[in-house]
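> Make a model of this:
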Amino acid sequence: MTLFLLLPVVAAFLYALSSLFLKRGFVEGVGLTRTLFLSNMAMGLLIVVLIPFCVEPVQWNQIHLPIICALFFFLGQTFTFVAIRVGDVSVVTPTMGAKVIVVALIASVFFDTELSAVGWVAVIIAGLSVILLGISPGGAANRKRGFAAVGWATLSLIFFAFSDNLVSAWAPVFGRQGFVIAVFFFVAVFSFGLVPFFNEPLRRVPKKAWPWVTVGASILGLQALLLNVALTYEDPTVANTLYSSRGFWGVVLVVFIGSLFGNRERYVPRIILVSRVAGSVMILISVYLLFFVAGVG
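Have a look, this model is predicted:
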């Protein structure tokens, strides 16, 4: 395993961890739109660390490539926050693990990568896993909330899957390091369009919410940076196969340290937690079939 393939593994853990911080920030009253804005700004600031490593020449005449990619990333990021806001971390994070399947599908349809019969079986298994992840305790309202979270997370992963394929395909054309810097820069620029939708200005964010949202936004930005750097050198399906481990991390962190964040998901009925673990396992089974049996990537 190369150093670049270690980056998605680290990013997977950081993603699940950031979700806990951000969810607590929502509880403390920071609001979804302001949290999204702050997270995107954190990503924009983190690209500074890449500037000294920008050794490949940048093809500025191809600047439209990172702009398009940034738009897909921005939309994926937005719908991720909607999913986290309306649902449980242990539902959203494993659902996002199915992104590797969508990455493979997009690569097959748009980037001339064939998907075998085994690969399609993996897609079906991933689809069934979404049903298990959407099961929530209580009445119809909770079930509706669970499936709504899965729906928003699914929409998010579709945009992210396009973004990942575009990074892998276009970064070598534009200049790898420069491409990642440009993408994160334009994501930050797009984020200023969120300001008119703030319920209240940033100065009115409750003081007790700032530590949670600051740490969560920083961790989320760091994991996105690590994953995108990996995508400029590695096949997007391979990188996302490793990155899909965030589904397990999401469930594990909720069970073992979720209470430290005021998260109560570990106390859902055992059958619900088992169904979420089973859904996570099914996603990883589909990943195994796709990666090791079908040989995608």
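> Restricting to C-alpha, output stretch 196-206 in CSV.
The C-alpha coordinates for stretch 196-206 follow below in CSV (Å, rounded to 0.1, in the frame of the first residue of the first chain):
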residue,chain,number,x,y,z
PRO,A,196,-28.1,35.6,2.7
PHE,A,197,-29.7,32.4,4.0
PHE,A,198,-28.3,32.7,7.6
ASN,A,199,-31.0,32.8,10.2
GLU,A,200,-28.7,35.1,12.2
PRO,A,201,-25.3,36.6,11.6
LEU,A,202,-22.2,34.7,12.7
ARG,A,203,-21.6,37.1,15.6
ARG,A,204,-24.8,35.7,17.2
VAL,A,205,-23.6,32.1,17.2
PRO,A,206,-23.9,30.9,20.9
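> buried set for it?
Burial within stretch 196-206, assessed by neighbour count using 16 or more other Cβ atoms under 10 Å, is assigned to Val205. Every residue, glycine included, has its C-beta placed from N, CA and C.
> now do stretch 29-40
By 16+ other Cβ under 10 Å, the buried positions in stretch 29-40 come out as Val30, Gly31, Leu32, Thr33, Arg34, Thr35, Leu36, Phe37, Leu38, Ser39, Asn40.
> Likewise for stretch 101-117?
Here stretch 101-117 shows Ile101, Val102, Val103, Ala104, Leu105, Ile106, Ala107, Ser108, Thr113, Leu115 as buried, counting by 16+ other Cβ under 10 Å.
> tell me the phi and psi of the fourth one?
So that's Ala104. Per-residue torsions, Ala104: phi -60, psi -40 (degrees, to the nearest 10).
> where's it relative to Ile63, distance?
29 Å (Cβ to Cβ, to the nearest Å).
> Repeat that for the third one.
Summarising the geometry, the distance separating Val103 from Ile63, computed by Cβ to Cβ, is 25 Å.
> One more: the first one?
Plainly put, Ile101 is 31 Å away from Ile63 if you go by Cβ to Cβ.
> how about low-confidence regions in the stretch 151-297 of the chain?
For the stretch 151-297 of the chain, the stretches with pLDDT under 70 are 247, 258-259, 262-268, 290-291, 294-297.
> can you count the residues close to the residue lying closest to Phe160 once chain neighbours are set aside?
Distances taken as Cβ to Cβ, 6 or more residues apart in numbering place Gly76 nearest to Phe160, at 3.7 Å, with adjacent residues excluded. For Gly76, the count of nearby residues is 22 (other Cβ atoms under 10 Å).
> If I look at Gly76, what pLDDT would I see?
Looking at Gly76, its pLDDT reads 94.
> Show me what the helix or strand hosting it is packed against.
For Gly76, the host element (DSSP states H and E) is helix 64-86. If contacts are counted by 3 or more Cβ pairs under 8 Å, 6 or more residues apart in numbering; DSSP states H and E, helix 64-86 sits against helix 3-27, helix 32-46, helix 89-96, helix 140-174, helix 176-191.
> ok, and which of those helices has the densest surroundings?
For the helices and strands packed on helix 64-86, average neighbour numbers computed from mean count of other Cβ atoms under 10 Å are highest in helix 89-96, which has a mean of 29.
> Return the set of buried residues in stretch 270-289.
272-273, 275-277, 279-284, 286-287, 289.
> Sort out for me which of these are in strands.
Members of those lying in strands (criterion: DSSP state E): none.
> State the helix or strand in which Val102 lies.
helix 99-110.
> got the CA positions of that helix in PDB?
Taking C-alpha atoms only, helix 99-110 is exported to PDB below (Å, rounded to 0.1, in the frame of the first residue of the first chain):
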ATOM      1  CA  LYS A  99     -20.300   6.300  -2.400                       C
ATOM      2  CA  VAL A 100     -17.700   3.800  -3.700                       C
ATOM      3  CA  ILE A 101     -20.500   2.000  -5.600                       C
ATOM      4  CA  VAL A 102     -21.700   5.200  -7.200                       C
ATOM      5  CA  VAL A 103     -18.100   6.100  -8.000                       C
ATOM      6  CA  ALA A 104     -17.700   2.800  -9.900                       C
ATOM      7  CA  LEU A 105     -21.000   3.300 -11.700                       C
ATOM      8  CA  ILE A 106     -20.100   6.800 -12.800                       C
ATOM      9  CA  ALA A 107     -16.700   5.600 -13.900                       C
ATOM     10  CA  SER A 108     -18.400   2.800 -15.900                       C
ATOM     11  CA  VAL A 109     -20.900   5.100 -17.600                       C
ATOM     12  CA  PHE A 110     -18.800   8.300 -18.200                       C
END
